[in-house]
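In: A predicted structure for the sequence below; I have some questions about it.
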Amino acid sequence: MLSKLFLNHYEAVAVILFGIGMTNLLLQRNLIKKIIGLNIMDTAVYLFLAAKGYVAGREAPILIEDGAGGWLTSSALYVNPVPAGLVLTGIVVSVSVTAFSLSLALKLYENYGTLNIDEALLKMTEEQVELETRIEQAEEDVLGD
Amino acid sequence: MINLLAFNIPFISIFVLMITAFITPLLPLKKRLPEKFSCCVIGFTAILSLYLLYSLTNSGQSLTFNFPMGHFPAPWGNELRAGPLEAVLSFFFCAAMFLSLTGNFSSTAEDISPARRQIFCVLVNLLTASLLALTYTNDLFTAYVFIEINTIAACAIVVVKEGASTVRAALRYLIMSLVGSGLVMIAICLLYDLTGHLLMQNMHGAIKVLMITKEYTMPLTVSLALITVGLGIKSALYPFASWLPDAHGTSTNASSAILSGLVLKGHIFALIKIYYRVFGLDVIHFLRMDTVIFILGIIAMIMGSIHALKQSNIKRMIAWSSVAQVGYIFLGIGLNTAAGIAAACLHIIVHACVKPMLFTAAGGLSTAAGHKKNLHALMGTFYINRWAGLGLIAGACSMMGIPAFAGFASKLSLTLASFDNPFIVWALAALAASSVLNALYYVPAVIVILTKNKDAVLETHEQPTLLYKISMFVFLALNFYLGLFCMPLLRLITRGVNVL
């Protein structure tokens, strides 16, 4: 078991990084740290894909000239291009998601003055309690008149 | 052989919606043109899906076809796939989306400023496109990309209503969704490594070989579990549903209707496709995932309703009831038979029609009560907005499973499907208990709106608009159609599941 882990050390590291990223995303209280966790998680997946796509001793999947005006088209010469394509797509997705979550984090900070969601919840309940007492006060005033 | 127009419909409907998302910001804001335009386009895609369904069922032997995307043939290129089940679901998704938008046309204007409404249209179009893409895709990585587009659009339609609470709700939703999509992504990468393919049928072939040689059972189990948890988080399966009531309760009525009725369903259908088309039911059974899903479904049915009982805000109550309804669907998937999956698909359709109706009705009632969402404040609102009142009553009856209402049909088919299962007693007990629990919180809500409020004079007497009445009428008609004449639909779904 351990020897297999050693043989696939890139993948093992990628999975460990994925775990670190996901734990950060779930358990960190600060939103910026959460978003950093998200990026670690995504990057771990790219490492995993890149490690899986690479075949030792082969070229990047760009056609090589054969010297006689043609191209070397044998698939045995090149590494698998699909994981690279998946990584590129994944990067695009990750960038947009990061931008979106950062903008939401900014909005939260503008509204509550904190980057911690739980604190924001507490502040909101305080605000609600205040609002409710004010409404009750107003109703009592109306009844009193 | 299917005709050329029908052959292109899966691609056209996704593409048209995507293009509309780009066009709407260019339209003038006058007379709410962007909203009307995107409603029309969504309605148009619904009609296209119906035509696709018509030509698929009348095409002779082959009920399904694969649509190649780009110029690479099958094992390498990207594909869409359409069959009766996909066509039915995309029709109901588009129709429910259309009705949610038209039904809440005036409440959207109250909640969202004109400039933001334009962005709202972009998001709704993207959301519909991603739902259709999730329904039609035959490629697992494309499914992942559209899951992410779906996530961004879904979180953004929560936050489009200005206010501090929506930002907080959207952030919670976003973080949980991102955890889910991260898990789905690594699971897809694992599956790609194990099988060497991204197209569903090729993956299925490779997994069959792996099962025969008994190789890599552990990584296969891990990837299946990761996909289930990832999509479970996104479709609000009970232990992972903590984000749902905030997101669905605070957003504007149209967003709540869309999120509850459609966004959850898109992910569930993606999961069904992965179970049925990538792994195959025998592999799911061998890896014991059906039992896990079955138990989680039962827990969700009970716990969702128990949480709904505690709510005093009507929108949060309806939101928690969605968690229970998602439990029904997962129960159907957990039965792990074609009949169970067909029942689950029927419940997806039923819930996609009933839940937007309930949210639209709740929105109309709270407008009638002067924008209060507390259950007590809704007393007597039935007599101000009768259409909304009828909607809530019909929706409540449907959720409880009263015969002739939509919920009855799907509950009946779930019960019939569970007869083959060794755990039938558990399934029946959970169905019965959940129906009673549904009644416990829906009946008081109905009684409250029907009780005449003599003491207080209600502040507003806003009459519902004609558009609201028409949408509610169509919702009610759909509800009764599904309740009374569901057998042809169920036969169609079963045919679709058999060729899935």
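Out: Alright, I've got the coordinates.

In: going forward, measure contacts and count neighbours with C-alpha atoms only.
Out: Noted.

In: what bits of chain A have low per-residue confidence?
Out: Applying pLDDT under 70 to chain A flags the ranges A:1, A:132, A:135-136, A:139-145.

In: Which single helix of it contains the most residues?
Out: When chain A is scanned for its longest helix (criterion: DSSP state H), the result is helix A:82-112.

In: got the buried residues for that helix?
Out: Of the residues in helix A:82-112, A:82-84, A:86-87, A:90-91, A:93-94, A:97-98, A:100-102, A:104-109, A:112 count as buried by neighbour count, 16 or more other Cα atoms under 10 Å in any protein chain shown.

In: Am I right that B:Ile23 sits in a strand?
Out: No - counting by DSSP: H, G, I helix; E, B strand; the rest coil, B:Ile23 is not part of a strand but helix.

In: any idea how far chain A is from it?
Out: Using Cα to the nearest Cα, to the nearest Å, B:Ile23 is found at 20 Å from chain A.

In: Relative to B:Ile42, how far out is the residue of chain B found nearest chain A?
Out: In chain B, the residue that lies nearest chain A is B:Ala164 (5.7 Å; Cα to the nearest Cα). Using Cα to Cα, to the nearest Å, one obtains 31 Å as the distance from B:Ala164 to B:Ile42.

In: neighbour count winner among those two?
Out: For B:Ala164 and B:Ile42, the more surrounded residue by other Cα atoms under 10 Å in any protein chain shown is B:Ile42, and the numbers stand at 28 against 17.

In: Pretty sure the more buried one sits in a strand.
Out: No - counting by three-state DSSP, one finds B:Ile42 to be helix, located in no strand.

In: gap between stretch B:466-486 and the chain center?
Out: How far stretch B:466-486 lies from its chain's middle: 18 Å, per Cα atoms, centre = their mean, to the nearest Å.

In: where does chain A come near chain B, residue by residue?
Out: Chain A has residues A:22, A:25-26, A:38, A:41-42, A:45, A:49, A:52, A:86, A:89-90, A:93, A:97, A:100-101, A:104-105, A:107-108, A:111-112, A:117, A:120-121, A:124 near chain B, with proximity defined as Cα under 8 Å from any Cα of the partner chain.

In: What mean pLDDT does stretch B:150-157 get?
Out: Summarised as a single mean, pLDDT over stretch B:150-157 is 92.

In: name the helices or strands packed onto whichever strand or helix holds B:Tyr328?
Out: Per DSSP states H and E: B:Tyr328 is located in helix B:314-334. Here helix B:314-334 touches helix B:244-250, helix B:289-309, helix B:338-368, helix B:424-450, going by 3 or more Cα pairs under 8 Å, 6 or more residues apart in numbering or on different chains; DSSP states H and E.

In: model confidence over whichever helix or strand comes after the third one, on average?
Out: Going back to what we said before, that points to helix B:338-368. Sequence order places helix B:386-400 as the next helix or strand after helix B:338-368, per DSSP H and E. Across helix B:386-400, the average pLDDT comes to 91.

In: tell me which element B:Asn66 falls in.
Out: Short version, using DSSP H and E: B:Asn66 is in strand B:65-69.

In: now the angle between helix B:424-450 and the helix holding B:Tyr328, please.
Out: 160 degrees (axes from the mean of the first three to the mean of the last three Cα atoms, to 10 degrees).

In: Buried residues in helix B:314-334, which are they?
Out: B:314-334.

In: Quick check: residues of the stretch 101-250 of chain B near chain A?
Out: Taking Cα under 8 Å from any Cα as the contact definition, the stretch 101-250 of chain B meets chain A at B:141, B:145, B:148, B:152, B:164-165, B:167-168, B:171-172, B:174-176, B:178-179, B:182, B:185-186, B:189, B:193.

In: show me what contacts B:Leu287?
Out: Neighbouring residues of B:Leu287 by Cα atoms under 8 Å, 6 or more residues apart in numbering or on different chains: B:Thr221.

In: do you know how far it is from B:Gly280?
Out: According to Cα to Cα, B:Leu287 stands 11 Å off from B:Gly280.

In: next one: A:Gly90
Out: Distance from A:Gly90 to B:Gly280, counting by Cα to Cα: 27 Å.

In: Ramachandran angles for B:Gly196?
Out: According to degrees, to the nearest 10, the main-chain angles of B:Gly196 amount to phi 80, psi 10.

In: Find the nearest non-adjacent residue to it, please.
Out: B:Met203 (7.5 Å; Cα to Cα, 6 or more residues apart in numbering or on different chains).

In: Which of the residues in the one helix or strand that neighbour maps to are classified as buried?
Out: Secondary structure from DSSP H and E places B:Met203 in helix B:200-213. For helix B:200-213, burial by neighbour count (16+ other Cα under 10 Å) applies to B:200-208, B:210.

In: That helix packs against which elements?
Out: Under the contact criterion of 3+ Cα pairs under 8 Å, 6+ apart, helix B:200-213 touches helix B:164-195.

In: what helices or strands is the helix it packs on leaning on?
Out: Where contact means 3+ Cα pairs under 8 Å, 6+ apart, helix B:164-195 is packed against helix A:9-27, helix A:31-53, helix A:82-112, helix A:117-144, helix B:140-159, helix B:200-213, helix B:217-234, helix B:244-250.

In: can you list these in TSV and add distance to B:Thr381?
Out: Formatted as TSV, the helices and strands packed on helix B:164-195 follow (distance: least, Cα to Cα, whole Å):
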stretch	distance to B:Thr381
helix A:9-27	42
helix A:31-53	42
helix A:82-112	34
helix A:117-144	21
helix B:140-159	26
helix B:200-213	51
helix B:217-234	34
helix B:244-250	20
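
In: Would you pull up the residue in chain A closest to chain B?
Out: Closest residue of chain A to chain B, Cα to the nearest Cα: A:Asn111 (5.7 Å).

In: wait, what's in contact with the nearest residue to that residue once chain neighbours are set aside?
Out: Leaving aside its chain neighbours, A:Asn111 sits nearest to B:Ala164 (5.7 Å; criterion: Cα to Cα, 6+ apart). Residues in contact with B:Ala164, defined by Cα under 8 Å, 6+ apart, are A:108, A:111-112.

In: mind running it again at 10 Å?
Out: A:107-112, A:120, A:124 (Cα atoms under 10 Å, 6 or more residues apart in numbering or on different chains).

In: Likewise for B:Asn453?
Out: B:Asn453 touches B:377-381, B:383, counting by Cα under 10 Å, 6+ apart.

In: how about a cut-off of 8 Å?
Out: By Cα under 8 Å, 6+ apart, the contact list for B:Asn453 reads B:379-380.

In: That one belongs to a helix?
Out: No - looking at B:Asn453 with three-state DSSP, it is coil, so not inside a helix.

In: State the distance from it to B:Gln463.
Out: 18 Å.

In: hang on, isn't B:Ile306 packed against B:Leu437?
Out: Yes - with contact defined as Cα atoms under 8 Å, B:Ile306 counts as touching B:Leu437 (7.2 Å).

In: neighbour count winner among these two?
Out: A direct count of neighbours by other Cα under 10 Å for B:Ile306 and B:Leu437 places B:Leu437 higher, at 22 against 19.

In: Quick check: chain neighbours aside, which residue is closest to the more buried one?
Out: Using Cα to Cα, 6+ apart, the closest residue to B:Leu437 is B:Ser305 (5.9 Å).

In: tell me the contacts of the residue most central in space within chain A?
Out: The centre of chain A sits closest to A:Leu38, judged by Cα atoms, centre = their mean, with a distance of 2.9 Å. Contacts for A:Leu38 (Cα under 8 Å, 6+ apart) come out as A:21-22, A:24-25, A:98, B:178.

In: and if you look at B:Val222?
Out: B:Ala187.
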